[in-house]
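Asks: Got a sequence here, can you build the structure:
(chains A and B)
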Number of protein chains: 2
Amino acid sequence: MAEVQYVHGYSPRETERLRDQANSLSALLHDTVRYARGRRVLEVACGTGAQTVFLAANSPEAHIVSADISPASLAQARQKVEAAGHRNVRFQVADLFDLPFDDASFDDLFVCFVLEHLPEPEKALRAVTRVLRPGGGITVIEGDHGSWYCHPHTELATRTVQCLIEVQARLGGDSFIGRRLYPLLAQAGFADVRVVPRMVYVDDSRPDLVEGFSKNTFIAMVEGVREQAIALGLMTASGWDKGIAEMYRAAEPGGTFCYTFFRGTATRP
Amino acid sequence: MAEVQYVHGYSPRETERLRDQANSLSALLHDTVRYARGRRVLEVACGTGAQTVFLAANSPEAHIVSADISPASLAQARQKVEAAGHRNVRFQVADLFDLPFDDASFDDLFVCFVLEHLPEPEKALRAVTRVLRPGGGITVIEGDHGSWYCHPHTELATRTVQCLIEVQARLGGDSFIGRRLYPLLAQAGFADVRVVPRMVYVDDSRPDLVEGFSKNTFIAMVEGVREQAIALGLMTASGWDKGIAEMYRAAEPGGTFCYTFFRGTATRP
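Replies: Numbering: from 1, shown residues only, chains lettered A, B, ... in the order given. As a prediction, the model looks like this:
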């Protein structure tokens, strides 16, 4: 596939962030994702396997193939899945634009946090459809960084998130992909398209989400583009640091934090 | 109470907008709002009764008192409720900051789309608490205009919504009230505070919401501040009209539309 830079990088902290994200959100994102015995499921661009462990756990009798273009990420994914004791996943180095599988050889596709990073998400959907059998299903899960807001609302905190959106855009991605899932799936030729928002709302009464989502997933993700944002002149270092501090303020008692993921399901006609 | 200007005005179109809003959203907002036989329920600032008809229908054996500071609005509310055939609502002209009811004379309070218009929402909550018996419950429903976004995302459409937020702020209101419900209820002394987001997500597959929410509720509400926004110099007339046209574009096939209401419940200790 065309070289696509991953906006969040590949550092150990990023690996940890992906794990925290997956743990705190697994119930919300995976609650209806269940594949029956014998279903052949392809997880497209599994990365380091943050979602793979939940797929494997929730569909123990499905045959899952998790593919990624990066052998290093795939090695981490394999390690996670083996550590969790799952034996229903096979790993495969693969470019999603040129999948090494026969036409119509899968019953289901699972695509999570992938399209947001691609300059041509519709083209990606069309490419992976080839390996899905007619009548088979696709599940796509994406976030939408424009859906974030917090209390207290502040201009600088909002600007740090806009920096993430801008940096991702310069890498060819689309931070507003969640709200686009319905038209994307429809335009890629799928039928029975259904999109549901999966909103994360965090207040004092949900301390697990304060840590697992607000701080360790979302703010950590924004913090990850600090150097790029400052180097691009999008914000000054002091403005950035103040904005991040204000975002942490919204994760303190009395603050609230909102973000919405979108899950689309559809069928290949 | 201190004079508070109602940002949306009192025109016939506004009355119609409130009715469309209530119809398309009643299931989402009222789904768990049920009061048992004999419960004494006060609806605070019922306005023209857009929510009153659902309250009355969903809790037929409760004794509902719907109060508002405006006799004209109250007359419309009474007309709506009588036309719907409900006999469980009594109407009362009342200032919410000086309610003409005995201490602890209600089992439940219902407050919907009220706090967003008040300069001191916490003071309002404290004022109405007096008439709620200890152990009684409060339900507060508010929107959050900062939660709105659409696809295709455009700068001008976003700016028209920011005009609504700004005009409402100049009138002393807070368009970001939804995300504040949890701390507001906690700081006003309530216990067992629980807030749930009620998100409206609209795409081609939901034509009733395209009409009832996107166009006739939300865009209509934004359009209502056109003259004020232009008079205040927040946008030019041509920029405004282009922004509104782009917002209507998001209500066409291929577009999507998102907005989140928040519902808080709590108990008087």
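Asks: got the residues of the stretch 151-269 of chain A near chain B?
Replies: A:151, A:153, A:176, A:179-180, A:182-183, A:186-187, A:193-197, A:199, A:201, A:203-205, A:254-256, A:258, A:260, A:262 (Cβ under 8 Å from any Cβ of the partner chain). Any C-beta I mention is one placed from the backbone N, CA and C, and that applies to glycine too.
Asks: Buried residues in stretch A:167-187, which are they?
Replies: A:167-168, A:173-186 (16 or more other Cβ atoms under 10 Å in any protein chain shown).
Asks: hey, C-alpha coordinates of that stretch in PDB?
Replies: The C-alpha trace of stretch A:167-187 is given here as PDB (Å, rounded to 0.1, in the frame of the first residue of the first chain):
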ATOM      1  CA  VAL A 167      -1.400  16.900  12.100                       C
ATOM      2  CA  GLN A 168      -3.400  13.900  11.100                       C
ATOM      3  CA  ALA A 169      -4.800  15.700   8.100                       C
ATOM      4  CA  ARG A 170      -1.200  16.600   7.000                       C
ATOM      5  CA  LEU A 171      -0.400  12.900   7.100                       C
ATOM      6  CA  GLY A 172      -3.300  12.200   4.800                       C
ATOM      7  CA  GLY A 173      -5.700  11.000   7.500                       C
ATOM      8  CA  ASP A 174      -9.200  12.200   8.500                       C
ATOM      9  CA  SER A 175      -9.900  12.800  12.200                       C
ATOM     10  CA  PHE A 176     -13.600  13.400  11.300                       C
ATOM     11  CA  ILE A 177     -14.000   9.900   9.900                       C
ATOM     12  CA  GLY A 178     -16.500   8.600  12.500                       C
ATOM     13  CA  ARG A 179     -19.300  10.900  11.200                       C
ATOM     14  CA  ARG A 180     -18.500   9.800   7.600                       C
ATOM     15  CA  LEU A 181     -18.900   6.000   8.100                       C
ATOM     16  CA  TYR A 182     -22.400   5.800   6.800                       C
ATOM     17  CA  PRO A 183     -21.800   7.500   3.500                       C
ATOM     18  CA  LEU A 184     -18.400   5.800   3.200                       C
ATOM     19  CA  LEU A 185     -19.900   2.300   3.500                       C
ATOM     20  CA  ALA A 186     -22.800   3.200   1.300                       C
ATOM     21  CA  GLN A 187     -20.500   4.600  -1.400                       C
END
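Asks: Report the mean per-residue pLDDT for it.
Replies: For stretch A:167-187, mean pLDDT rounds to 97.
Asks: how about the strands in chain A?
Replies: Along chain A, counting by DSSP state E, strands occupy A:40-44, A:63-68, A:89-93, A:106-112, A:132-142, A:149-151, A:191-202, A:256-267.
Asks: In JSON lines: those, plus mean pLDDT and mean neighbour count.
Replies: Output for the strands of chain A, formatted as JSON lines (pLDDT from 0 to 100; neighbours: other Cβ atoms under 10 Å in any protein chain shown):
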{"stretch": "strand A:40-44", "mean pLDDT": "98", "mean neighbour count": "24"}
{"stretch": "strand A:63-68", "mean pLDDT": "98", "mean neighbour count": "23"}
{"stretch": "strand A:89-93", "mean pLDDT": "98", "mean neighbour count": "17"}
{"stretch": "strand A:106-112", "mean pLDDT": "98", "mean neighbour count": "23"}
{"stretch": "strand A:132-142", "mean pLDDT": "98", "mean neighbour count": "20"}
{"stretch": "strand A:149-151", "mean pLDDT": "98", "mean neighbour count": "24"}
{"stretch": "strand A:191-202", "mean pLDDT": "97", "mean neighbour count": "19"}
{"stretch": "strand A:256-267", "mean pLDDT": "98", "mean neighbour count": "23"}
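Asks: how about those strands in JSON lines, adding distance to B:V7?
Replies: Putting these into JSON lines (distance: least, Cβ to Cβ, whole Å) gives the following:
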{"stretch": "strand A:40-44", "distance to B:V7": "47"}
{"stretch": "strand A:63-68", "distance to B:V7": "51"}
{"stretch": "strand A:89-93", "distance to B:V7": "55"}
{"stretch": "strand A:106-112", "distance to B:V7": "41"}
{"stretch": "strand A:132-142", "distance to B:V7": "34"}
{"stretch": "strand A:149-151", "distance to B:V7": "20"}
{"stretch": "strand A:191-202", "distance to B:V7": "25"}
{"stretch": "strand A:256-267", "distance to B:V7": "23"}
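Asks: Among those strands, which comes closest to B:L55?
Replies: strand A:191-202 (24.6 Å; Cβ to Cβ).
Asks: What residues are recorded as beta-bridge partners of A:T267?
Replies: Bridge pairing for A:T267 (DSSP bridges) gives the partners A:G137, A:A191.
Asks: wouldn't it be in contact with A:L132 here?
Replies: No - contact between A:T267 and A:L132 fails when scored by Cβ atoms under 8 Å: they sit 9.2 Å apart.
Asks: so what sits against both of those two?
Replies: A:I138 (Cβ atoms under 8 Å, 6 or more residues apart in numbering or on different chains).
Asks: tell me the centre residue of chain A?
Replies: Centroid-nearest residue in chain A: A:F113, 2.3 Å away (criterion: Cα atoms, centre = their mean).
Asks: Could you check the pLDDT of A:V33?
Replies: Reading off the model, A:V33 has pLDDT 96.
Asks: is it true that A:Y6 touches A:E116?
Replies: No - using Cβ under 8 Å, A:Y6 is not in contact with A:E116; the gap is 10.4 Å.
Asks: Off-centre distance for stretch A:48-64?
Replies: Mean-position distance between stretch A:48-64 and its chain equals 15 Å (Cα atoms, centre = their mean, to the nearest Å).
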